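Colleague: Sequence and predicted structure are below.
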2 protein chains.
Amino acid sequence: MTEKTIRERKRGSGAQLVYETLREEILDLALAPGTPIDENQLAERLAMSRTPIREALVRLAGEGLVTQLPNRSTVVANIDFFNLHTFFDALTLMYRVTTRLAGEFHTAQDIQSIRARQREFARAVEGQDALAMIATNREFHAAIAEAGRNPYFTGLFCRLLDEGQRILRIYYSSFNDQLPHRYVVEHEQIIAAIEARDVNTCDRLATAHAEQIVQQIQSMISRGVSHNMPL
Amino acid sequence: MTEKTIRERKRGSGAQLVYETLREEILDLALAPGTPIDENQLAERLAMSRTPIREALVRLAGEGLVTQLPNRSTVVANIDFFNLHTFFDALTLMYRVTTRLAGEFHTAQDIQSIRARQREFARAVEGQDALAMIATNREFHAAIAEAGRNPYFTGLFCRLLDEGQRILRIYYSSFNDQLPHRYVVEHEQIIAAIEARDVNTCDRLATAHAEQIVQQIQSMISRGVSHNMPL
DNA sequence: CGATGAATTTCTGTCGACAAAGAGAATACA
DNA sequence: TGTATTCTCTTTGTCGACAGAAATTCATCG
């Protein structure tokens, strides 16, 4: 299926291909949390040696997407439902900080990029496509973070957004209520505040937006415990 | 010198050894920023194959301590003096957040650990040992972050502290003035605020402390431009 | 003498192989 | 039947080797 039938690969692209493939499968929950990753199997599937695969696994481990057990198999990182509050704390703060910095440092080009992402998000909401909403929402906020020009915050924020994507995917079927349209409106307000370089309003709106999202996730979890609760 | 004459190494410790060795040398500036890292040379020095060395390099790249140039040598990460403000922003915010969370979530055992680190820092200040001050100060704040119980913040903070350690090492000879004792006092105040679970005071003290440090680094840089200014 | 281009050398990315560690199966024992 | 022990098999960590890129050297030309 996903195999690369073409044996001709550019030098240096091997590990990158494995990295991107695994990353996508992990974030899409095609590989469920806790799933062991067999190096030999992957090597066969992607038609390459174990060396580039191990390199990709080390990178993914550095980003917290997989957990490497010494002398034992690497597994897809579990979602720690018992310490979600630390995740929410970090996510909320990064929402605030990146939006505030975007208000301070953005360029005209950043605004264009952010607006483009917002259009994609609005389109996903119109189309009732929950999976697309999750993805485009991520890109929208990543674009804002990029405009803030602080790689430390952007790095942590993107990592948190990825983690959040996995959580949201678990409950994405609950995503068809009236809330998404509210997000579109809030996004528009955030864009306006950034463009006006009103950092305090950026901060306030980002805080409110983050709390909305956190609350939605929490209600999804409390309503959907039946789905699956991995320990 | 640093070679491992003992050929008997435990399985799985190879990459770990390379990682720790390189990390220490990078943070101590034994390997200057921009220095290319030759895999073969390292393999010979540490008496092992290139495989575990490459694994360690990938990990270090994930933490931003080295930069991997495709099909070209890996180099020790440069210090971006032109964008130091992003570093200061992130560092200050993490000082605040981790100290605040420590005030909220610390246990009695955390306090013991923090106090122990503070004693080590005070000893370094008494002994006028600038290098020890840098190291023990890092450990003091890392202990506080640990007490805050948020791995996302702790992770970013430790990374920033490492980056800061490299910057401070460049100017550590300027570290023999009267300021360090002030840090000891401020540390004591921070400990008291954490122990009293007074999160607002934690926040205020951490902010002031961070600004102190940022100011000191900036004055070191402006005074010591003659040292070396890698572009 | 400086610049351009080809040949050589060096170093990285990938491969297949092997040995140790762990997981699982089979056996012995209570 | 349940538990402990040994053996086997699977899987990881490391190795040496090779091919492709890049850097370097060297030769040629203006």
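Modeller: Yep, it's here. Numbering: from 1, shown residues only, chains lettered A, B, ... in the order given.

Colleague: in chain A, which residue is closest to the centre?
Modeller: Residue closest to the mean C-alpha point of chain A, counted by C-alpha atoms, centre = their mean, is A:D162 at 2.4 Å.

Colleague: pretty sure that one is touching A:L27, no?
Modeller: Yes. With contact defined as C-beta atoms under 8 Å, A:D162 reaches A:L27; the gap is 5.8 Å. (C-beta placed from N, C-alpha, C; glycine too.)

Colleague: Wait, A:L101 touches A:R149, no?
Modeller: Yes. Counting by C-beta under 8 Å, A:L101 touches A:R149, with 6.8 Å between them.

Colleague: Quick check: A:V75 is in a strand.
Modeller: Yes. Under DSSP: H, G, I helix; E, B strand; the rest coil, A:V75 sits within a strand.

Colleague: check contacts around it.
Modeller: Taking C-beta atoms under 8 Å, 6 or more residues apart in numbering or on different chains as the criterion, A:V75 is in contact with A:G34, A:T35, A:P36, A:I37, A:V66, A:T67, A:L69.

Colleague: Of the residues you listed, which belong to strands?
Modeller: Using DSSP state E, A:P36, A:I37, A:V66, A:T67 are the members of the contacts of A:V75 that sit in strands.

Colleague: Look at A:Q128 and say how many residues are nearby.
Modeller: Applying other C-beta atoms under 10 Å in any protein chain shown, we find 11 residues neighbouring A:Q128.

Colleague: Is it in a helix, a strand, or coil?
Modeller: A:Q128 ends up coil, using three-state DSSP.

Colleague: Now do the same for it: its pLDDT.
Modeller: Predicted confidence (pLDDT) for A:Q128: 87.

Colleague: For it, give me the backbone phi and psi.
Modeller: phi 60, psi 30 (degrees, to the nearest 10).

Colleague: And A:P33, by the same measure?
Modeller: Main-chain torsions, A:P33, degrees, to the nearest 10: phi -50, psi 140.

Colleague: Can you classify the closest residue in space to it that isn't next to it in sequence by secondary structure?
Modeller: Here the nearest residue to A:P33 in space, its sequence neighbours aside, is A:N78; by C-beta to C-beta, 6 or more residues apart in numbering or on different chains that works out to 4.6 Å. Recorded secondary structure, A:N78: coil (three-state DSSP).

Colleague: if we can go back for a sec, what is the nearest of the ones in strands among the contacts of A:V75 to A:E186?
Modeller: Closest approach between these and A:E186, by C-beta to C-beta: A:V66, at 33.4 Å.

Colleague: returning to what we had before: now for A:D162 and A:L27: what residues contact both?
Modeller: A:L65.

Colleague: Output the set of residues of chain A in proximity to DNA strand C.
Modeller: A:9, A:11-15, A:48-52, A:55, A:70-72 (C-beta under 7 Å from any atom of the strand).

Colleague: thinking again about what came up before, of the contacts of A:V75, which is the most crowded?
Modeller: A:V66 (24 neighbours).

Colleague: Relative to A:C202, how far out is the closest residue to it other than its chain neighbours?
Modeller: Distances taken as C-beta to C-beta, 6+ apart place A:L60 nearest to A:V66, at 4.5 Å, with adjacent residues excluded. Noted for A:L60: a distance of 33 Å to A:C202, by C-beta to C-beta, to the nearest Å.

Colleague: Name the residue in these two with the higher neighbour count.
Modeller: Shown here are A:L60 and A:C202; by other C-beta under 10 Å, A:C202 has more neighbours (27 against 23).
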